[in-house]
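Q: Sequence first, predicted model second:
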Amino acid sequence: MTEQELTPMKPADLRASSASANLRKRQTTQKLSFGLLWLASLIVVLVLVVVVGYVFITGFKSLSWDFLTTAPKGGLSGEGGISTTIITTIYLVALILVIAAPLGIGAAIFMIEYQEQTKAGGKFVQALLQAANFGVETLAGIPSIIFGLFGYALFVSTLQFGFSLLSAALAGACLVLPTIIRTTQEALLTVPVSLREGSLALGATRWQTISKVVLPAAIPGIITGIILSVGRIISETAVFYVTLGGSYRLPNSLLSGGRTLSLHLFYLAMDTNAFEKAMGTGAVLIVSIIIINLVIDLISRKLSAGVRQQQ
Amino acid sequence: MNAIKLETNAYSLFYGKFRALEDISLKIPEKQVTAIIGPSGCGKSTFLRTFNRMNDLIPGVRTEGQALLDGEDIFSMDVVALRQRVGMVFQKPNPFPKSIFDNVAYGPRVNGIRDKKALDEIVETSLRGAALWNEVKDNLGKSGLALSGGQQQRLCIARALAVKPSVILMDEPAASLDPIATQRIEELIRQLVEEYTIVIVTHNMQQAGRVSDYTAFFFTDESRTGKLVEFNLTRKIFTNPQDKRTEDYITGRFG
Amino acid sequence: MQNKLQVDKAVRTVLLISASLSIVIVVSIFIFIFRSSLPAFKEFGVQGLLGELTWRPANGSFGILAMIVGSVMVTLMALVIGVPLAIATAIFLAEIAPRGVQAVVRPAVQLLAGIPSVVYGLFGMVVLVPLIRRIPVAGNSGYGLLSAAIVLAVMILPTITSISEDAIRAVPRAYTEASLALGATHLQTIFQVLLPAGKSGIVAALILGIGRALGETMAMIMVIGNSVILPAPLNDNPLTVFLSQARTLTGNIAVEINYASGLHASALFATGVVLFMLIMIVNVSAHAFLNRSNALAN
């Protein structure tokens, strides 16, 4: 038989009609189900649009330069702006990062970079590393009110820091520590092993390798983690509700209390009738979160572009 | 005399702007084993995946020309119906993380067969057809992933048979198997061709020589565009190639 | 040279101390909260705290059963509302959505996760509560389980969606190809291959969602009404139980801790202990499932 002898076959008989009915049924089911999945996602997007849109539209009336730069007057009327709460939020973010960033980054470095050394090292260090991993995992899952309760018991009461920036910052540092550790770990893991080997082979010590080679390469990822933490602190309310006191005045020392934007929103909503001001505060919060998300997006896009270039 | 089962006419395939296959016209006879050979990157697998439209899964793929199954245009067919008629066995055995029984019954079930007795029968016939029945008949509830690599691949063949296709596409089905498992797959292919049209992509020239009736030789140059160089009876391709490139490839002048 | 090595050693010690900090914090949290709860447990016993319905600090009654029921009920209701949407969105993002649509939906989910809980609470107070108040049932204030569950459903949705999406994406492509090549439709492939194969990850997502729901504080305080009562139907219709007010464990702590003292404060720490234990159980099971799903993906 050669190629020339081949002749086209007649179109094959279609399968039994029941089979094609079954196929039609399956495809109708698929169309309907996919329609439902589209609908579900549409609802999710709509929920976001409605929540954000509502907060913006109702909050817009109270949003003004004055609102941002005037201090709240306190009391039940909710008069005044939000200037002191913005500044308190910034204070708190800065304090928490000063405490948590070095510790978190340091912890992550140890947990990733000293892993092999640890395996070779003593039982104690090995157990400690395991415990540290367990600790990070657990901390990440603890609800914020528990951090608040802990901060209240330890910093506010036992150490007698009172309701203060310091108490709130220490409790807040515990809250964001796992975020910083995890993102730093991920950033370190993306640095190729060959870079480290190259440096070690040149006679650099481990720390020199880490500080001169590994960390610079991991910086964008670490910054992402820190910005994530900023978002977390800005949104957080429960921890500060039970550690920061809630005074609407500007704190004048580490040991004086205050209120963050989120906390201010909570007080306005619960204790006053100034819903429009609460919405205005909410709008400011949402805008900050959107900015933070955009920055993170930008960094990760740069990062993946960089990775593609390296390849 | 064998009718033509699969056919392409002036068939080209593009990934975006890149032309991966150019102007391929080929007639694949029914109930024969047709091997597609050629160097890596020449588009063999892409060509194979035309016949069950697996390339549809890749975004940005575009085709020109015709591809026919039993004289019908593959691209205007319903893709699900097409895949019931054209089964496929992949390079790496890919049983589902389900029991052996559920693996084989998967195709019939998605087709709407629920009757336990009917399923039992299909599973047994298919496993027998894939020469696996005797090894697994007492362990049908065992996970398909617990089998050896060669057994997994035969399970995947059984799974394809259970849908009762008329064509089976095989994309380097023995590439990840040891020589003994490979031999069993090759024997199985020779048995299956009694009932099925088989198209097999292979890297392994000896394998093509052992199992196939016809051979298509694909080739590519720096452009990375795959072209059909020669198609003929396997013994003619191997003993008397018409094209210099085929000869060079077969005698091992290309990797 | 000597100097260089000494620096190396010193740095290592400092880093080691930082690394041990996380476990030190976990242990301290555990110790502080348990120790502070001891007086209450000694005074009333486990039964007296966990088995009693009446919470009236002024009279020395510190039963937290109503809050346990409140937390569990609002969490279950939030799951009923949120999970179908969350999983559907995860499937949509992983399998169906065209790129352009993904580029809208995914950031939307991300932003939903980022919105502060007080903003959700505020929205609930201003929009949801008045809507639900319209349901004509005597005693319906709008504040209660239903409002809280809807708010909570939106808050846990992003967690469940993104982890489930990852779980679905982690299923090897070979399974999808095999299923399609056998003549299954895309929908059949999703439900009979992808979801079963990604099951562990999806279950983990659900459990983490439960953890988030149990832990949510401020938004719950703002919309659930905070009455310490066992949720019960408001009239003959059993469905009106969903309009009942309630208080969560988290809310109980937050609302009262700032002015509590003595046994009252201790009972609030006991509330924290119960919450802590619930969360630990939830997290440990989530991690067990996640590890299993990672093992499967490899």
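A: Nice, thanks for sending it over.
Q: so residue B:168 sits in a helix?
A: No. Counting by DSSP: H, G, I helix; E, B strand; the rest coil, residue B:168 falls outside a helix, being strand.
Q: what's across from it in the sheet?
A: Beta-bridge partners recorded for residue B:168 (DSSP bridges): residue B:87, residue B:198.
Q: got the contact list for it?
A: Going by Cβ atoms under 8 Å, 6 or more residues apart in numbering or on different chains, residue B:168 touches B:86, B:87, B:88, B:89, B:157, B:160, B:161, B:192, B:196, B:197, B:198, B:199. C-betas here are computed from N, CA, C, even on glycine.
Q: try residue B:195
A: Per Cβ under 8 Å, 6+ apart, neighbours of residue B:195: residue B:31.
Q: Check residue A:74 too.
A: Neighbour list for residue A:74: A:80, A:248, A:249 [criterion: Cβ under 8 Å, 6+ apart].
Q: From the chain's centroid, how far away is stretch C:45-53?
A: Relative to its parent chain, stretch C:45-53 has a centroid offset of 24 Å by Cα atoms, centre = their mean, to the nearest Å.
Q: count of neighbours near residue C:86?
A: Residue C:86: 30 surrounding residues under other Cβ atoms under 10 Å in any protein chain shown.
Q: Can you tell me the closest non-neighbouring residue to it?
A: Take residue C:86 and drop its neighbours on the chain: the residue closest to it by Cβ to Cβ, 6 or more residues apart in numbering or on different chains is residue C:160, 3.7 Å away.
Q: mind checking how far that neighbour is from chain A?
A: In this structure, residue C:160 lies at 11 Å from chain A, with Cβ to the nearest Cβ, to the nearest Å as the measure.
Q: Test my guess that that residue contacts residue C:206.
A: Yes. Distance between residue C:160 and residue C:206: 6.2 Å, which falls inside the contact criterion (Cβ atoms under 8 Å).
Q: Between which two of the contacts of residue B:168 is the distance greatest?
A: Greatest spacing in those, by Cβ to Cβ: B:161 and B:199 (15.4 Å).
Q: next one: stretch A:208-221 to chain centre, how far?
A: 22 Å.
Q: Please apply the same query to stretch B:211-231.
A: Counting by Cα atoms, centre = their mean, stretch B:211-231 is centred 16 Å from the centre of its parent chain.
Q: Ok, stretch B:160-178 next?
A: Per Cα atoms, centre = their mean, the displacement of stretch B:160-178 from the mean C-alpha position of its chain is 5 Å.
Q: Span of it from start to end?
A: Stretch B:160-178 has its terminal residues 22 Å apart, counting by Cα to Cα, to the nearest Å.
Q: count of neighbours near the nearest residue to residue B:160 once chain neighbours are set aside?
A: Across the structure, with Cβ to Cβ, 6+ apart as the measure, the residue nearest residue B:160 apart from its sequence neighbours is residue B:87 (3.5 Å). Number of residues near residue B:87 (other Cβ under 10 Å) recorded here: 27.
Q: next one: the one 3 residues further on
A: Using other Cβ under 10 Å, residue B:90 has 22 neighbouring residues.
Q: What does it show for phi and psi?
A: Here is the backbone geometry of residue B:90 (degrees, to the nearest 10): phi -100, psi 170.
Q: could you list every residue that touches the residue nearest to it when sequence neighbours are not counted?
A: The spatial neighbour of residue B:90 that comes closest, neighbours along the chain excluded (Cβ to Cβ, 6+ apart), is residue B:171 at 5.5 Å. Under the criterion of Cβ under 8 Å, 6+ apart, the neighbours of residue B:171 are B:45, B:48, B:49, B:88, B:89, B:90, B:91, B:201.
Q: Output the residues you listed in CSV; the columns should cover pLDDT.
A: What follows is the contacts of residue B:171, written out as CSV (pLDDT from 0 to 100):
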residue, pLDDT
B:45, 93
B:48, 95
B:49, 94
B:88, 95
B:89, 95
B:90, 94
B:91, 92
B:201, 95
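Q: Mind checking which of those are buried?
A: Neighbour counting by 16 or more other Cβ atoms under 10 Å in any protein chain shown classes B:45, B:48, B:49, B:88, B:89, B:90, B:91, B:201 among the contacts of residue B:171 as buried.
Q: Give me the distance between the closest residue to the fourth one other than its chain neighbours and residue C:196.
A: In space, residue B:88 comes closest to residue C:181 once its chain neighbours are excluded; the distance is 4.0 Å by Cβ to Cβ, 6+ apart. Shown here: residue C:181 relative to residue C:196, a distance of 18 Å by Cβ to Cβ, to the nearest Å.
Q: show me where chain B has helices.
A: Counting by DSSP state H, one finds helices in chain B at the ranges B:44-48, B:79-85, B:100-110, B:116-129, B:133-136, B:149-161, B:179-192, B:205-211, B:234-239, B:244-250.
Q: Residue A:77 against residue A:268, yeah?
A: No. Because the distance of 10.2 Å does not satisfy Cβ under 8 Å, residue A:77 is recorded as not touching residue A:268.
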